[in-house]
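[1] got a sequence here, can you model it:
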Amino acid sequence: MAETTRRARQPKAQEKPAPVVQQDVKVTVQDGPKPDIFATIPPEETVAIIIPMYEMTKDGLVPAVNYQMLEVALLRLRSYFHKTFKIFVGEKTRTTDEALGVVQGHLAAKNALLVDTDEFATLGMYIQDGLEAAKQHTTSKYFIVATPWQMVGNASVDVLLERSNKVDVGIVSGFDVRSAGVAPADFDTYKFNPPREFRALDINFWCITRAVADSLVIDPKYQTQEILQRDIFQLMHARGYNVIQSQQAPIYTFAIDWTPAEGEKELAEDKEYFKSKWGFIPL
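    Residues are numbered from 1 along each chain as shown. So this is what the prediction gives:
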């Protein structure tokens, strides 16, 4: 099969500040009472949730990322306090028919939008197009980006929203419990005691306000999630925003081998490009 390349838009030049140190799962949906969260965001506020269907394509290099994974992720992407409007981002000619079939159910309910991005777009392009659509087609003040290769905790959407409503944060993201060695079977019941926050970003599940999003332009050139994530963190830090990762908003990412699409070559190229922008190679 012929080798394909991802088309990339030209990002704006950035200043070079000092560096900043930084499987299969049983899916359940709990329908109990509202979580014990002190809600500060008005209940009439609708939250835009951006879902990049990256690599969910007919000729994708990572077949594990498919419509079934999307269905699992969507089961938990909900709020107990607010309406949600989902913005799916895909490629008109490449996104699988099965994935588009899942999206159609949400479009029929008139609480979703399907956005077409460029062919062979990078993840950064998927996310940027989703954010732009959220700004143009909704009046929401809060945008959540959620990748479809994870599931979020029962109340993680609301926790993320409330934490993002504080003045001390620019982006707040969830915490992947896989990194703490939590077993899939314990995901729903495991509690961090006490929960901690870190100066870090998890690109799989994060929230940003419209005001902050207006100043964020995601670099389309990165080929790997690892360095894209680091670039967004560095960009926000350079502009004076705190980027917080909170254990109060747990997520569980599925075990996926990304190396066919994001191998050593792509990672090395991304690191060199990052260095050209920021003056150092990310750890």
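[2] so where's the chain uncertain?
    Low-confidence segments of the chain (pLDDT under 70): 1-39.
[3] start to end distance for stretch 212-220?
    Across its full length, stretch 212-220 reaches 19 Å between end residues, using Cα to Cα, to the nearest Å.
[4] what does stretch 216-228 give?
    13 Å.
[5] name the residues that touch it?
    The list of residues contacting stretch 216-228 from outside it, by Cβ atoms under 8 Å, 6 or more residues apart in numbering, reads 6, 8-12, 121-125, 127-128, 131, 203, 208, 231-232, 235-236, 258, 261-262, 266-267, 269-271, 273-274, 277, 282. (Each C-beta comes from the backbone N, C-alpha and C, glycine too.)
[6] now stretch 239-249
    In contact with stretch 239-249 (Cβ under 8 Å, 6+ apart) are residues 152-153, 156, 159-160, 163, 168-175, 192, 195-202, 205, 212, 215, 232-233, 236-237.
[7] ok, 7 Å please
    153, 156, 159-160, 163, 168-175, 192, 195-202, 212, 215, 233, 236-237 (Cβ atoms under 7 Å, 6 or more residues apart in numbering).
[8] which ChimeraX command selects the buried ones in these?
    The buried residues among the contacts of stretch 239-249 can be selected in ChimeraX (16 or more other Cβ atoms under 10 Å) with this line:
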select :153,156,159,160,163,169,170,171,172,173,174,175,200,201,202,212,233,236,237
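[9] which of the contacts of stretch 239-249 fall in helices?
    156, 159-160, 163, 212, 233, 236-237 (DSSP state H).
[10] could you dump these into CSV and include distance to residue 148?
    Shown next, in CSV, are those (distance: Cβ to Cβ, whole Å):
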residue, distance to residue 148
156, 15
159, 20
160, 17
163, 22
212, 24
233, 22
236, 24
237, 28
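[11] which ones among the contacts of stretch 216-228 lie within strands?
    residue 208 (DSSP state E).
[12] just the buried residues of the contacts of stretch 216-228.
    Of the contacts of stretch 216-228, these count as buried by 16+ other Cβ under 10 Å: 6, 8, 11, 121-125, 127-128, 131, 203, 208, 231-232, 235-236, 258, 261-262, 266, 270-271, 273-274, 277, 282.
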